[in-house]
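>>> 3D model of this:
(one chain, ligands or ions: 1)
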Amino acid sequence: MSKKIGLFYGTQTGKTESVAEIIEDEFGDDVVTLQDISQAETADFDEYQYLIIGCPTWNIGELQSDWEGFFPELDNIDFTGKLVAYFGTGDQIGYADNFQDAMGILEEKISQKGGKTVGYWPTEGYDFNDSKALRNGKFVGLAIDEDNQSDLTGDRIKAWVAQLKTEFGL
Ligand SMILES: Cc1cc2nc3c(=O)[nH]c(=O)nc-3n(C[C@H](O)[C@H](O)[C@H](O)COP(=O)(O)O)c2cc1C
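A predicted model of the protein is given here:
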């Protein structure tokens, strides 16, 4: 039997993959299946009612390259009835005008395809100018900054996973 939550992530230098592994651990045994988007197919999404989408922002406001390649495939997936949570890694100091844009780009597309977003996250404790990942003053998902605030990562993940357990109803 497949696990309840499919976590699809892309990574260039490993930071988003590390965060994905910590999220998997935090949910506990046999809940989360990790899927590298570079190896994924559209049918893999059909197996899960609960999804977590992880993507770093690259090249000033762009998706990580494997997500960039998969992006047109999202049009072939029906997300209706699925609860979808997002996380990203980014650099709020180096890229303050595009902090976490990738999360916002993916959330916009997947919501158009019927996904219901859960896991909104407050902007308190971050210092940046602008982001495509903002909705009504919150991030669309968990914003992680391993470049500048790696000391906060563990606590942020713990709090967000606790929130998701409630919002997913697990
Ligand atoms: C060339 C370059 C461009 C980047 N562009 C952005 C950006 O526009 N916005 C942002 O928040 N972070 C940006 N970053 C920071 C990365 O998103 C961050 O280091 C991320 O954790 C990398 O994740 P990965 O190791 O999973 O690929 C950039 C980093 C580099 C080196």
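>>> and the closest residue to the ligand within the chain, what pLDDT?
Closest to the ligand within the chain is G90: 2.3 Å, counting by CB to the nearest ligand atom. Quick note: C-beta positions are derived from backbone N, CA and C, even for glycine. Listed pLDDT for G90 reads 98.
>>> And L170, by the same measure?
Per-residue pLDDT puts L170 at 85.
>>> quick one, what contacts the nearest residue to it once chain neighbours are set aside?
Setting aside the residues directly before and after it, L170 is nearest to K4 in space (CB to CB, 6 or more residues apart in numbering), at 6.7 Å. Taking CB atoms under 8 Å, 6 or more residues apart in numbering, we find K4 in contact with 31-32, 48-50, 170.
>>> Tell me which residues of stretch 82-99 come out buried.
82-92, 95, 98-99 (16 or more other CB atoms under 10 Å).
>>> Tell me which of those residues fall in strands.
Among those, DSSP state E puts 83-89 in strands.
>>> Which member of the residues you listed is positioned nearest I23?
F87 (7.2 Å; CB to CB).
>>> List the beta-bridge partners for that closest one.
G54, L142 (DSSP bridges).
>>> for it, what are its contacts?
19, 23, 52-54, 103, 119, 141-144, 160.
>>> try 6 Å this time
By CB atoms under 6 Å, 6 or more residues apart in numbering, the contact set of F87 is 54, 141-142.
>>> Just the residues contacting the lengthiest helix in the chain, thanks.
Identified as the longest helix of the chain according to DSSP state H is helix 150-168. Contacting residues not belonging to helix 150-168 are listed as 22-23, 26, 50, 83, 85, 118-119, 142, 144 [CB under 6 Å, 6+ apart].
>>> Can I have the buried ones of those as a ChimeraX selection?
In ChimeraX, a selection of the buried entries from these looks like this (16+ other CB under 10 Å):
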select :23,26,50,83,85,118,119,142,144
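>>> Go through the contacts of helix 150-168 and say which is closest to Q64.
Minimum separation from Q64 among the contacts of helix 150-168 (CB to CB) is found for I144, which lies at 13.6 Å.
>>> Could you measure from the closest one over to E167?
Counting by CB to CB, to the nearest Å, the separation of I144 from E167 is 18 Å.
>>> what does M103 give?
Taken as CB to CB, the span from M103 to E167 is 16 Å.
>>> between those two, who's got more neighbours?
Neighbours per residue (other CB atoms under 10 Å) separate M103 from E167, with M103 holding more: 30 against 17.
>>> Just the pLDDT for that one.
According to the model, M103 scores 98 on pLDDT.
>>> Over to the one 4 residues further on?
Reading off the per-residue confidence, E107 sits at a pLDDT of 98.
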